[in-house]
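Colleague: Below are the sequence and a predicted model for it; my questions follow.
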Amino acid sequence: MKKNRAILLLLLFLAFPLVLKAQEYKVIPRESLSGNTTSLSQRWGFYTGVLIQNAPFREFSATQFNNIAYAKQFSVWGSGKAGTGIYLGFVYDKTFKNNLVFRVQGQFESAGWLSGILDIGLGVRTPLGKGMYFNIEAYFSILQTGGSLKRLGADSNYPDSVSVYMGMFGFKGRIALEFDLPKNMYIAPYLSYVAYPWQANTLNGELRINGLSQSSLVDSLQIGLEVGFKF
């Protein structure tokens with residue numbers, strides 16, 4: 001009996017350090033293999049704001065049909081060399097793990113002719129703090145507009161008006177400060193600028209914008225607010 005007790009005490013003595021060693025181990029959560037805190041996300045939203053055009057669509061004119069001129073004046077909100085208007089647009093974007101953002105946005109503008117615009121671009125979405133981000137983006141921008149130009153002069157041998165479709169192509173830059181909202185919503189005040197150095201049109205003659213032929217005369221500054229949802 002004494003021999004059994006001695007063996008038991010010896011086993012306890014040998015096992016005691018192992019018990020202490022086991023208490024030193026802690027459960028450590030497994031870290032993400034990606035090593036990045038920005039998760040994949042897709043969003044859609046709407047935006048609106050004030051449009052300030054340094055060179056608004058004041059007048060479009062074309063010379064064709066044996067130098068018979070067609071033109072139209074436009075009523076825009078503004079004075080001097082600047083015009084203002086409003087716009088409404090929609091946006092879809094996707095943020096990747098490296099904070100790169102792919103965005104597609106489209107809008108309708110009220111200044112000059114009613115214009116439709118499609119922007120396709122890339123950007124970077126940088127976290128600034130909990131639920132706050134700074135976005136900077138660059139786009140290829142396509143502006144489309146159209147309407148009717150009336151004949152200037154009394155020569156009835158030519159049509160009273162001609163229809164015009166015009167496309168303008170340029171680049172847009174945008175910066176935004178984004179804030180997370182409850183229910184997977186977000187809000188972002190932003191500032192953007194766009195200029196259109198190229199154009200194409202449906203007329204046989206030369207289409208002049210505001211009396212001149214350079215499309216780069218049409219540019220605009222946009223100040224607005226975007227609201228959307230993550231999914």
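Modeller: Arrived safely, thanks for sending. Because the structure is predicted, anything quoted here is derived from the model rather than measured.
Colleague: how near is Pro159 to Ile68?
Modeller: 9 Å (C-beta to C-beta, to the nearest Å). Every residue, glycine included, has its C-beta placed from N, CA and C.
Colleague: and for these two, which residues touch both?
Modeller: Common neighbours of Pro159 and Ile68, using C-beta atoms under 8 Å, 6 or more residues apart in numbering, are Arg151.
Colleague: ok, these two, which is more surrounded?
Modeller: Neighbour tally, Pro159 and Ile68, criterion other C-beta atoms under 10 Å: the higher count belongs to Ile68, 17 against 12.
Colleague: ok, that one - contacts?
Modeller: Arg151, Leu152, Gly153, Asp155, Tyr158.
Colleague: how does it look with 6 Å?
Modeller: Contacts for Ile68 (C-beta atoms under 6 Å, 6 or more residues apart in numbering) come out as Tyr158.
Colleague: ditto for Ile142
Modeller: Contacts of Ile142 (C-beta under 6 Å, 6+ apart): Leu118, Phe169.
Colleague: What strand or helix carries it?
Modeller: Assigned by DSSP states H and E, Ile142 belongs to strand 132-151.
Colleague: Give me the mean pLDDT for that strand.
Modeller: Average pLDDT, strand 132-151: 92.
Colleague: So what's the gap between it and the chain middle?
Modeller: Offset of strand 132-151 from its chain centre (C-alpha atoms, centre = their mean, to the nearest Å): 11 Å.
Colleague: Could I get the buried residue list for that strand?
Modeller: Tyr133, Asn135, Glu137, Tyr139, Ser141, Ile142, Leu143, Thr145, Gly146, Gly147, Leu149, Arg151 (16 or more other C-beta atoms under 10 Å).
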